[in-house]
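A.B. asks: output the structure for:
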Amino acid sequence: MIIKRVGLGNSKEAYIENRISAGVNIIYSNDNNKGKTIIIQSISYALGASDTFPSGIDVSNYYVYLECEIDGDNLEIIRRKKNVMVIFKKELYLFDTVSEFTYFFDDKIAKLPRYIKDGRERLAGFLLFYEMSIIPQDKRNPSNIINKAGTNKEDFLQMLSSIMGCSYSSETNIEDVEKNIKNVNYKISNVSKKINFAKKNSQLYENLSTSFDRKSYDESNRIISKFENEISEYKRKRTTEKNRIIKLNNLLSELRSISRKIDEGYFICSECGSLEVQYKKGNIVFETSNPDVRSSILGAIEKQIEIKESIITEYNNEIDKIIKKKMQTINSIPSDVNDYFLHLDEIKNLSVNIENLDKLNRELDDLKKERTILLNSENSSKEEYKKMLNSIVRKMNELQQKIEKNSEIIYKEIFAKQNSIFSGSTENEYYFCRCVALASIINHDLPIIIDAFRDGELSTTKENNMIDIYKTMNRQVILTATLKDEEFVNKDKYENVSDINAINYESVLTYKLLNESYVNDFKNIINKFGIVLEQS
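C.D. replies: Numbers count the residues shown, from 1 in each chain. Next up is the predicted model:
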């Protein structure tokens, strides 16, 4: 693919950039807001690789135009919101969505890669496809792809493996898939039961007694719930008293044991020779050396146990009474009414449950396909995938050493780790290495397009090394750069570099890339598509 011309406009203002060459292009100025990013985003937008535009430009008010060449055939694209119009091989095509244009592109222009997602083969959309070569200035994340929109880096890696003809080695564990299958089967069983009940009992409500409505049912359930709470409270109290009896019986046993030991001899204090012996249980101290006191304590504890046993008996009686009242309330509810209200949601939401069952069955099918893929994935194919990844990462590290000799940056994977931080120029170095490595190893025919390729205080040495590498690639490269004032003094930073097409935007007024002078030329382009520019 070779980008030849790009523009955007309406009946009042427009801009057309037709100076782009098939080699290395650098669009530059010594100030921001000159429109360089608008050009990059216009290319991306027309290709379907992005839906965003720089702030200050409401793209819905403009037609975006792109002319490019693919395998010797000329392709012209007009995009306005979701609508895409294409002239290819002198034929006009109209599409209501970018998705429609994607399938046309795959069928008539150039085959797009396929990849496996959720157990099914998917066509790589433009957002994912152009991730290999188009790097915008904003919303970049080295740990994931830039334009997600329902996809992620796993999909990107799957797409690369498909292009290279090797089997993607997913990190998904077969045991995890089996567990998910089991969970989905359980959900299917539950939903199926609800559907079966609803179908069998759809006429249930018509047979209900008119004297027992939802209000009565709710009141009965409230009373039943109240009884259950009271039963739970009495059971809690009963358990507490039983535990106290156990502790008191243990105390009796220990005190009687002490009594036997005293009868067989005497305890005396080794320091003062006193015969008084005390027994401490928790925070209570008992006098045990005096037989009368000891006997009184034992009697008091036995009486306390008797009282607690009486309390437990009372609690049991109360529990029995409440259970009887609860059962009377339950029996007062007709069985058909009880069934109806217990399963009211299933009856009311029959269509929703049927839809949920359909989704669950599709999810189960996808999981089974994923399981089959994992089981059938050959080790040799996985090894080919690993070799592909290693070759890309190895190339990235070679490029890093070329732009900075003895660089301490070492790439271990195509994407950075989630917690890795790229500061300053290292982010642009990463995207340079990734784009060039993919172009070299994958050998796609897309142009490399990077907005603000030298941001982050990229040194002049690194920048020059990058440009030299770009020039050796024999493919189209489109870059944008904002120069420092001292770099712009002679206005020849890029003009005097051989094999570089320098496109100077310094003459563009800030925020005024679009203007009236291009409107007529833009109208001529639009007219080829049979479009009449509305007066805005």
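
A.B. asks: show me what contacts residue 323?
C.D. replies: Applying Cβ atoms under 8 Å, 6 or more residues apart in numbering to residue 323 gives the contacts 227, 231. C-betas here are computed from N, CA, C, even on glycine.

A.B. asks: now the one 4 residues further on
C.D. replies: The contact partners of residue 327, taken as Cβ under 8 Å, 6+ apart, number zero.

A.B. asks: pretty sure residue 102 is touching residue 126, no?
C.D. replies: Yes. Between residue 102 and residue 126 there is a contact under Cβ atoms under 8 Å: 5.9 Å.

A.B. asks: show me the shaky parts of the stretch 51-200 of the chain.
C.D. replies: In the predicted model, the stretch 51-200 of the chain carries pLDDT under 70 at residues 118-119, 148, 167-173, 198.

A.B. asks: quick one on the thing from earlier: now the common contact residues for residue 102 and residue 126.
C.D. replies: Residues within reach of residue 102 and of residue 126 at once, by Cβ under 8 Å, 6+ apart, are residue 48.

A.B. asks: a helix runs through residue 454, doesn't it?
C.D. replies: No. Per DSSP: H, G, I helix; E, B strand; the rest coil, residue 454 lies outside any helix segment and is coil.

A.B. asks: now do the SS call for residue 16.
C.D. replies: Here residue 16 is recorded as strand under three-state DSSP.

A.B. asks: residue 188 too?
C.D. replies: Under three-state DSSP, the three-state class of residue 188 is helix.

A.B. asks: tally of neighbours for it?
C.D. replies: Per other Cβ atoms under 10 Å, the neighbour tally for residue 188 reads 16.

A.B. asks: what does residue 156 give?
C.D. replies: Residues near residue 156, counting by other Cβ under 10 Å, number 21.

A.B. asks: now do the contacts for it.
C.D. replies: By Cβ under 8 Å, 6+ apart, the contact list for residue 156 reads 128, 131, 145.

A.B. asks: which among those residues gets closest to residue 33?
C.D. replies: The closest of the contacts of residue 156 to residue 33 turns out to be residue 131 (Cβ to Cβ; 26.6 Å).

A.B. asks: who touches that closest one in this structure?
C.D. replies: Residue 131 touches 49, 145, 146, 147, 156, counting by Cβ under 8 Å, 6+ apart.

A.B. asks: by neighbours, which of the residues you listed wins?
C.D. replies: residue 49 (24 neighbours).

A.B. asks: wait, doesn't that residue sit right on residue 130?
C.D. replies: Yes. Shown here, residue 49 and residue 130 form a contact pair, counting by Cβ under 8 Å, at 3.7 Å.

A.B. asks: follow-up on the earlier one: mind putting the contacts of residue 131 in JSON lines, distance to residue 425 included?
C.D. replies: Output for these, formatted as JSON lines (distance: Cβ to Cβ, whole Å):
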{"residue": "49", "distance to residue 425": "25"}
{"residue": "145", "distance to residue 425": "21"}
{"residue": "146", "distance to residue 425": "18"}
{"residue": "147", "distance to residue 425": "23"}
{"residue": "156", "distance to residue 425": "24"}
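
A.B. asks: just the ones in helices from these, please.
C.D. replies: Residues of those located in helices (DSSP state H): residue 156.

A.B. asks: residue 78 belongs to a helix?
C.D. replies: No. Counting by three-state DSSP, residue 78 is not part of a helix but strand.

A.B. asks: so where's the stretch 401-536 of the chain shaky on pLDDT?
C.D. replies: Using pLDDT under 70, the flagged stretches of the stretch 401-536 of the chain are 418-419, 421, 488-492, 535-536.

A.B. asks: do that again at 90, thanks
C.D. replies: For the stretch 401-536 of the chain, the stretches flagged by pLDDT under 90 are 404-410, 412-428, 443, 452-460, 463, 482-498, 505-513, 526-536.

A.B. asks: mind listing the strands for it?
C.D. replies: Remark: strands assigned in the stretch 401-536 of the chain by DSSP state E, counting those that start in this stretch are 448-450, 477-482, 500-504.

A.B. asks: other SSEs contacting the shortest one?
C.D. replies: Contact analysis of strand 448-450 by 3 or more Cβ pairs under 8 Å, 6 or more residues apart in numbering; DSSP states H and E lists helix 36-46, strand 134-135, helix 426-442, strand 477-482 as its packing neighbours.

A.B. asks: got the ones you listed as TSV, with distance to residue 352 and mean neighbour count columns?
C.D. replies: Output for these, formatted as TSV (distance: least, Cβ to Cβ, whole Å; neighbours: other Cβ atoms under 10 Å):
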stretch	distance to residue 352	mean neighbour count
helix 36-46	39	25
strand 134-135	42	26
helix 426-442	45	21
strand 477-482	51	24
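
A.B. asks: which one of those lies closest to residue 78?
C.D. replies: helix 36-46 (7.8 Å).

A.B. asks: now the closest one and strand 477-482, what's the angle there?
C.D. replies: Interaxial angle, helix 36-46 versus strand 477-482 (axes from the mean of the first three to the mean of the last three Cα atoms, to 10 degrees): 150 degrees.

A.B. asks: name the residues of the next helix-or-strand element following helix 36-46 that are buried.
C.D. replies: As assigned by DSSP states H and E, the chain's next helix or strand after helix 36-46 is strand 63-70. Using 16 or more other Cβ atoms under 10 Å as the test for burial, strand 63-70 gives 63, 64, 65, 66, 67, 68.

A.B. asks: equivalent analysis for stretch 523-532, please.
C.D. replies: So, applying 16+ other Cβ under 10 Å, buried residues of stretch 523-532: 523, 525, 526, 529.

A.B. asks: now, which of the residues you listed sits nearest residue 471?
C.D. replies: Ranked by distance to residue 471 (Cβ to Cβ), these are led by residue 525 at 31.2 Å.

A.B. asks: from residue 399, how far off is the nearest residue to that closest one once chain neighbours are set aside?
C.D. replies: Of all residues not flanking residue 525 in the chain, residue 65 sits nearest, at 5.6 Å (Cβ to Cβ, 6 or more residues apart in numbering). Using Cβ to Cβ, to the nearest Å, residue 65 is found at 34 Å from residue 399.

A.B. asks: contacts for the helix or strand hosting residue 104 next, please.
C.D. replies: Secondary structure from DSSP H and E places residue 104 in helix 98-104. With contact meaning Cβ under 8 Å, 6+ apart, helix 98-104 is reached by 48, 79, 82, 84, 86, 93, 95, 112, 123, 125, 126.
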